[in-house]
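Asker: Quick one, structure for this:
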Amino acid sequence: MPQNVTRRRFMFQTLGVIGGAMVSGDLLPLLAEAAKRKQVLRVAIERDVETLRPDFGVGDSFNVLRRLIYTTPILWGMQQRPDGSLIYTMDSIEMVLATAYKVSEDRQLIEFTFHPNAKFANGEPINAQALKESYAWFLGAKGSGQLRVNGLPSEDRIEVVDDVTVRLHLDRPVAWGLIGNALLSSSSIVHAKEILKHATADDPYGTTWLETKTIESGPFIIETWQKGSMMSLVPNPHAFQPATLERIILQIIPDASTRRIVLERGDVDCAVQIATKDIPDLRKVSGVKVLSYPSARGWWLGMTWNKAPCNNIHFRRAMAWAMPYETLLQVVTQGLAERSRSCVPNNISGYVGDLWPYETNLTKAREELAQAQVPEDLTVTVPVYAGDLFDEEATVLMKEHLGQLGIKRNIQKMPISQKRTLMTKKQVDMAVYDWRPWVPDAGYFIYWKWLPDSFTNYGNYVNPEAQALGNEAITMAIGSPERQAKLRRFQEIVNGDIGLVPLFTQFDNLAMREHVQGHVYYPDAIPVLAKLSLG
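Answerer: As a prediction, this is how the structure comes out:
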């Protein structure tokens, strides 16, 4: 990770305050220089990145950085909305590292042709062999799971045809094979040879070195990284696509209210993770614009299938009739969401929204509870991620509603990591949670959510007919009539079982100053900062 590219390094100075946030001395001269330049983008992010490993990093801040420092073969195509904003389309592909691709008729062979002059930040070529080595590194390190999901289980299925051509031989047709193997995190191109130079007996893939250092393949390189404070990036001098921006400054501001303040003041050009409750007021601020997009990030009430009373269909129906759907939309999301009406999220291919009959009706809820014969003093323990307003407020509203039915909810606040661990281990009876499929396809969601061994099958849902349909849909071509019929029947079964209670699918919002141009919304909601410019 170079510390000095074409601009001077910034010496440590005194601490300063910007918009109520403490800012390290290194950031002050950067911001001063940014004020003099036309193409320096300042972005307020919610936390520092924990690692530079593209196979392991998590969180919105890391994903933003990953798109800057690691290239991928392709990106989703884009189209213009009626309001002039840009959004992805599944009907086209944007070439990035790749210049062309082919998919065989049986969808088990994918061929890429790459830019002949592509280079890493150290000047070494990003050619077909380098790409194979990158994928092989992912297969050996912890990122291998995603490639296996995409039908690429081993290095011997990667064929180097010539210096600029690679063929991927999938072990089965996968509906999202092209996107999964050329766009998601496991397709981030790393300099595997350099990483492996730092391997040890205890660290055979050099992952410790990659925690804090890397050789970038993307459009930007890391210039300065002050842990817990800021990161500065400048254009990769060897990038095959020229950058408009001269520098990107990622300023770490953990508090959402402070991120809003610095954006309003013009101290930053863009701010991520603005609290939903602040969006309506922020829209009224002169010089600020908020772009909102219907997303695939669904929120659900999940219940276990292994334990009473949740394993009783009448109890689950009671929960479905008891949910305060419209109140959740208006109070929790400030209207910046839409009702979900299926066991897969809105705004993805294959979603069917006419198979969920439940509205808020406490009379019907009481009738179902009577048939469930639950104890009068029933208490259900519910874990809540402390700090997530959607989770906390939705759970409290549900507690009040269910209290009218005589059901008590014991709310246990905890860190997100603890809640996720409990849910992954299937040790939660009932909980509100969210999940976003990075590929906007119902089959992809089913793979991760509804099969017996799915990672997010938190409630241990089992229905052989539905799961057989899901498995079949995974291998079929997206959009085919036969696949659509199977996905509809799948949702009909799972919704009838009340595998979970769909609550809402939130909007994704990105707030920025009006002079920021070029933002494109993608289904994973990761801003591609390299596409932006300042007017």
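Asker: Alpha carbons of the helix ranked longest in the chain, as PDB, please.
Answerer: Criterion DSSP state H: the longest helix present in the chain is helix 481-497. Taking C-alpha atoms only, helix 481-497 is exported to PDB below (Å, rounded to 0.1, in the frame of the first residue of the first chain):
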ATOM      1  CA  PRO A 481     -41.700 -19.300 -17.900                       C
ATOM      2  CA  GLU A 482     -41.100 -22.700 -16.300                       C
ATOM      3  CA  ARG A 483     -38.800 -21.200 -13.700                       C
ATOM      4  CA  GLN A 484     -41.300 -18.400 -12.900                       C
ATOM      5  CA  ALA A 485     -44.000 -21.000 -12.400                       C
ATOM      6  CA  LYS A 486     -41.800 -23.000 -10.000                       C
ATOM      7  CA  LEU A 487     -40.900 -19.800  -8.100                       C
ATOM      8  CA  ARG A 488     -44.600 -18.900  -7.800                       C
ATOM      9  CA  ARG A 489     -45.500 -22.300  -6.400                       C
ATOM     10  CA  PHE A 490     -42.600 -22.200  -4.000                       C
ATOM     11  CA  GLN A 491     -43.800 -18.900  -2.600                       C
ATOM     12  CA  GLU A 492     -47.400 -20.200  -2.400                       C
ATOM     13  CA  ILE A 493     -46.300 -23.100  -0.200                       C
ATOM     14  CA  VAL A 494     -43.900 -21.100   2.100                       C
ATOM     15  CA  ASN A 495     -46.400 -18.200   2.500                       C
ATOM     16  CA  GLY A 496     -49.100 -20.800   3.300                       C
ATOM     17  CA  ASP A 497     -46.800 -22.300   5.900                       C
END
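Asker: what's the offset of that helix from the middle of its chain?
Answerer: From the chain centre to the centre of helix 481-497 is a distance of 25 Å (CA atoms, centre = their mean, to the nearest Å).
Asker: immediately after that helix, which helix or strand?
Answerer: strand 500-513 (DSSP states H and E).
Asker: ok so, going back, state the mean pLDDT of the longest helix of the chain.
Answerer: The pLDDT scores in helix 481-497 average 98.
Asker: just stretch 279-297 next, same as before
Answerer: Per-residue scores along stretch 279-297 average to 95.
Asker: before we move on, what about stretch 379-389?
Answerer: 88.
Asker: tell me, which strand in the protein spans the most residues?
Answerer: strand 288-303 (DSSP state E).
Asker: what's the offset of the helix or strand just after that one from the middle of its chain?
Answerer: Next helix or strand after strand 288-303 toward the C-terminus (DSSP H and E): helix 313-322. Distance of helix 313-322 from its chain centroid, counting by CA atoms, centre = their mean, is 30 Å.
Asker: now do stretch 386-395
Answerer: Computed by CA atoms, centre = their mean, the chain-centroid distance of stretch 386-395 equals 19 Å.
Asker: can you check stretch 384-397 too?
Answerer: Distance, centroid of stretch 384-397 to centroid of chain: 20 Å (CA atoms, centre = their mean).
Asker: about what we covered before: what is the orientation angle of the longest helix of the chain with helix 313-322?
Answerer: Interaxial angle of helix 481-497 relative to helix 313-322 (axes from the mean of the first three to the mean of the last three CA atoms, to 10 degrees): 100 degrees.
Asker: what about stretch 269-288, start to end distance?
Answerer: End-to-end distance of stretch 269-288 (CA to CA, to the nearest Å): 9 Å.
Asker: list the buried ones in that stretch?
Answerer: Buried residues in stretch 269-288, counting neighbours by 16 or more other CB atoms under 10 Å, are found at 269-274, 276-279, 282, 288. Where C-beta positions appear, they are placed from N, C-alpha and C, glycine not excepted.
Asker: now for the longest helix of the chain, which elements pack on it?
Answerer: helix 442-449, helix 464-474 (3 or more CB pairs under 8 Å, 6 or more residues apart in numbering; DSSP states H and E).
Asker: could you give the angle of the first one to helix 481-497?
Answerer: The reference is to helix 442-449. Helix 442-449 runs at 40 degrees relative to helix 481-497, counting by the same axes, to 10 degrees.
Asker: got the contact list for helix 442-449?
Answerer: Defining contact as CB atoms under 8 Å, 6 or more residues apart in numbering, one finds that helix 442-449 is touched by 149, 175-176, 344-345, 348-351, 435, 437-438, 454-457, 470, 473-474, 476, 478, 483, 487, 490-491.
Asker: Now do the helices in the stretch 101-250 of the chain.
Answerer: 128-140, 144-149, 177-182, 192-196, 207-212 (DSSP state H, counting those that start in this stretch).
Asker: Where does pLDDT dip in the chain?
Answerer: Screening the chain residue by residue with the criterion pLDDT under 70, one finds the ranges 1-37, 57, 142-145.
Asker: what about 80?
Answerer: 1-38, 56-59, 142-146, 387, 389 (pLDDT under 80).
Asker: now the helices for the stretch 251-400 of the chain?
Answerer: 256-265, 279-282, 313-322, 325-327, 362-372, 389-403.
Asker: Tabulate the ones you listed (JSON lines), appending distance to residue 513.
Answerer: Formatted as JSON lines, those follow (distance: least, CB to CB, whole Å):
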{"stretch": "helix 256-265", "distance to residue 513": "7"}
{"stretch": "helix 279-282", "distance to residue 513": "12"}
{"stretch": "helix 313-322", "distance to residue 513": "43"}
{"stretch": "helix 325-327", "distance to residue 513": "34"}
{"stretch": "helix 362-372", "distance to residue 513": "46"}
{"stretch": "helix 389-403", "distance to residue 513": "25"}
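Asker: Nearest to residue 242, out of these?
Answerer: Closest to residue 242 of these, according to CB to CB: helix 256-265, at 27.9 Å.
Asker: Contacts for the closest one, please.
Answerer: 18-21, 44, 46, 251, 253, 268, 270-275, 278, 282, 285, 288, 511-513.
Asker: For ChimeraX, write a command that selects the buried ones of the contacts of helix 442-449.
Answerer: Entered in ChimeraX, the line below selects the buried ones among those, by 16+ other CB under 10 Å:
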select :149,175,176,344,345,348,349,350,351,435,437,438,454,456,457,470,473,474,476,478,483,487,490,491
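Asker: Would you mind listing the residues in contact with residue 67?
Answerer: Counting by CB under 8 Å, 6+ apart, residue 67 has contacts 218, 526-530.
Asker: how does it look with 10 Å?
Answerer: Neighbouring residues of residue 67 by CB atoms under 10 Å, 6 or more residues apart in numbering: 54, 75, 185, 188, 218-220, 522, 524, 526-531.
Asker: helix/strand/coil for it?
Answerer: Going by DSSP: H, G, I helix; E, B strand; the rest coil, the secondary structure assigned to residue 67 is helix.
Asker: how close does it sit to residue 354?
Answerer: From residue 67 across to residue 354, the span is 36 Å (CB to CB, to the nearest Å).
Asker: One more: residue 378?
Answerer: In this view, residue 378 and residue 354 are 32 Å apart by CB to CB.
Asker: So for the two, which sits in the more crowded spot?
Answerer: residue 378 (17 against 10; other CB atoms under 10 Å).
Asker: Skip the chain neighbours and tell me the closest residue to that one.
Answerer: Spatial nearest neighbour of residue 378, chain neighbours left out: residue 407 (5.4 Å); criterion: CB to CB, 6 or more residues apart in numbering.
Asker: Just to check, that neighbour is in contact with residue 379?
Answerer: Yes: shown here, residue 407 and residue 379 form a contact pair, counting by CB atoms under 10 Å, at 7.8 Å.
Asker: Looking only at neighbour counts, state which of those two leads.
Answerer: residue 407 (25 against 9).
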